[in-house]
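[1] After the sequence you'll find the predicted model.
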Amino acid sequence: MMDAEFAILDFIQNFLSSPFMDRVMVFITSLGNSGALWIATALVMLCSKKYRRTGVMLAVGLILSAIVGNVILKPAVARLRPFQLREGIELLIKAPHDFSFPSGHTLASVISASIIFMQHRRLGIVSVVVAALISFSRLYLYVHFPTDVLAGIVLGIAIGVFSVWITKHFFKKMLSI
């Protein structure tokens, strides 16, 4: 399995890598650093009566992302990153110090995009595109294996759906949303 994953990463490097793409992917991945884009989106939505419920859903989803991804799964699986297992890889970004599985950038992005898409289709389409680009950037930059990103996508959709459900059922009366 590991050979297939390295083959995918090497294919991306061999066929898509260029100085222009390097700059684009570094920028795109930075949008997902610490969930900053999605936290900012949640805060903006919380300030708007029209989008407040979605903002609460995003906040719930991002909290669950941190707990499930960073607190539970990363230490439990303890998977090294691709650049740590293959010699000669020069990273374009600062080397992440946590474990690889699942991709936290992907997890937070897909949770957020799922929630926004379920609540506001037009904004959701933009969010899905941004989430896809952030997820792909993690492969391009050689900091995640494809299965790290795939796990982030699957968990992200599940946690996104759960965040919508839990917000609708448990926070509705308390938050008047």
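    Everything's here; your move.
[2] What is the three-state secondary structure of V60?
    With DSSP: H, G, I helix; E, B strand; the rest coil as the basis, V60 sits in helix.
[3] Quick check, it in contact with H169.
    No. Look at V60 against H169 with CB atoms under 8 Å: they stay out of range, at 11.4 Å. To be clear about C-beta, it is placed using only N, CA and C from the backbone, and glycine gets the same treatment.
[4] Name the residue in these two with the higher neighbour count.
    V60 (23 against 9; other CB atoms under 10 Å).
[5] Tell me the spatial nearest neighbour of the most centrally placed residue in the chain, not counting adjacent residues.
    The chain has T106 as the residue nearest its centroid, 2.1 Å off, counting by CA atoms, centre = their mean. With CB to CB, 6 or more residues apart in numbering as the criterion, T106 has its nearest non-adjacent residue at 2.9 Å, and that residue is G152.
[6] Find the least confident helix or strand in the protein, judged by mean pLDDT.
    Lowest mean confidence among the helices and strands of the chain (mean pLDDT, DSSP states H and E): helix 172-175, at a mean of 60.
[7] I'd guessed G160 sits against I111; true?
    Yes. Using CB under 8 Å, G160 is in contact with I111, at 4.6 Å.
[8] joint contacts of the two?
    Counting by CB atoms under 8 Å, 6 or more residues apart in numbering, the shared contacts of G160 and I111 are G61.
[9] who's more crowded, those two?
    I111 (32 against 26).
[10] Nearest residue to the more buried one in space, ignoring adjacent ones along the chain?
    Nearest non-adjacent residue to I111, counting by CB to CB, 6+ apart: G61, 4.2 Å away.
[11] Could you list the low-confidence segments of the chain?
    Scanning the chain with the threshold set as pLDDT under 70 gives 172-177.
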